[in-house]
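Enquirer: Sharing a model prediction with you, sequence too.
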Amino acid sequence: MNVNYSLIKGNAELRFDARQSLKGNWGMAILVCFLGSLLTGIPGAVPYLGWLIGILIGGPFALGFASCFLRLVRKESLELENLFDGFKNFTKAFLAQLLITIFCFLWSLLLIIPGIIAAYSYSMSFIYLKIIPK
């Protein structure tokens, strides 16, 4: 099997591309990350029902994160409202979050390491949901 290594970017090229995408958008990217982390972290402080609220809104916010940063990579304008784009496809985002949570829990029952590997393997699910046409 022959691999064309000229198509694979090195770390320096990836960092350069990331900085180019963030040029002029650092403030908005930081605000999106801070607000998204705050909004998804608050339900954890609610006793008894916090985990349920976290599962309900975790998927749409993860899809919103994917939407925001895909807009950056595609050189489109980034706005704070894009963080809430995941709620437009609430059903898909919620089901994806629910399945990821269930499967990671089941893999974690085996041992901690398989659970971590499962979490990494499902980490791109929301990017795929955003890229694949409806």
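Expert: Received the coordinates, thanks.
Enquirer: Mind listing what's buried along the helix or strand of the chain at the bottom of the mean pLDDT ranking?
Expert: Here the helix or strand of the chain ranked lowest by mean pLDDT, DSSP states H and E is helix 125-131, holding a mean of 87. Using 16 or more other CB atoms under 10 Å as the test for burial, helix 125-131 gives S125, F126, I127, L129, K130. Heads up, the C-betas are built off the backbone N, CA and C, glycines and all.
Enquirer: And these, which is closest to G54?
Expert: F126 (15.4 Å; CB to CB).
Enquirer: how close does that closest one sit to P47?
Expert: To P47, F126 is 28 Å away according to CB to CB, to the nearest Å.
Enquirer: for L35, same thing?
Expert: From L35 to P47 the distance is 24 Å (CB to CB).
Enquirer: do the same with L39
Expert: In this view, L39 and P47 are 18 Å apart by CB to CB.
Enquirer: same deal with L14?
Expert: Distance, L14 to P47, using CB to CB: 42 Å.
Enquirer: between these two, who's got more neighbours?
Expert: Legend: neighbour count by other CB atoms under 10 Å for L14 and P47, higher for L14 (10 against 5).
Enquirer: buried ones in the one helix or strand the more buried one maps to?
Expert: Under the criterion of DSSP states H and E, L14 resides in helix 11-22. By neighbour count on 16+ other CB under 10 Å, the buried set for helix 11-22 is S21, L22.
Enquirer: got the angle for whichever helix or strand comes after it vs helix 11-22?
Expert: Downstream of helix 11-22, the next assigned helix or strand under DSSP H and E is helix 26-41. Going by axes from the mean of the first three to the mean of the last three CA atoms, to 10 degrees, helix 26-41 is angled at 90 degrees with respect to helix 11-22.
Enquirer: Can you point out the buried residues in helix 26-41?
Expert: For helix 26-41, the buried set under the neighbour-count rule, 16+ other CB under 10 Å, comprises M28, V32, G36, T40.
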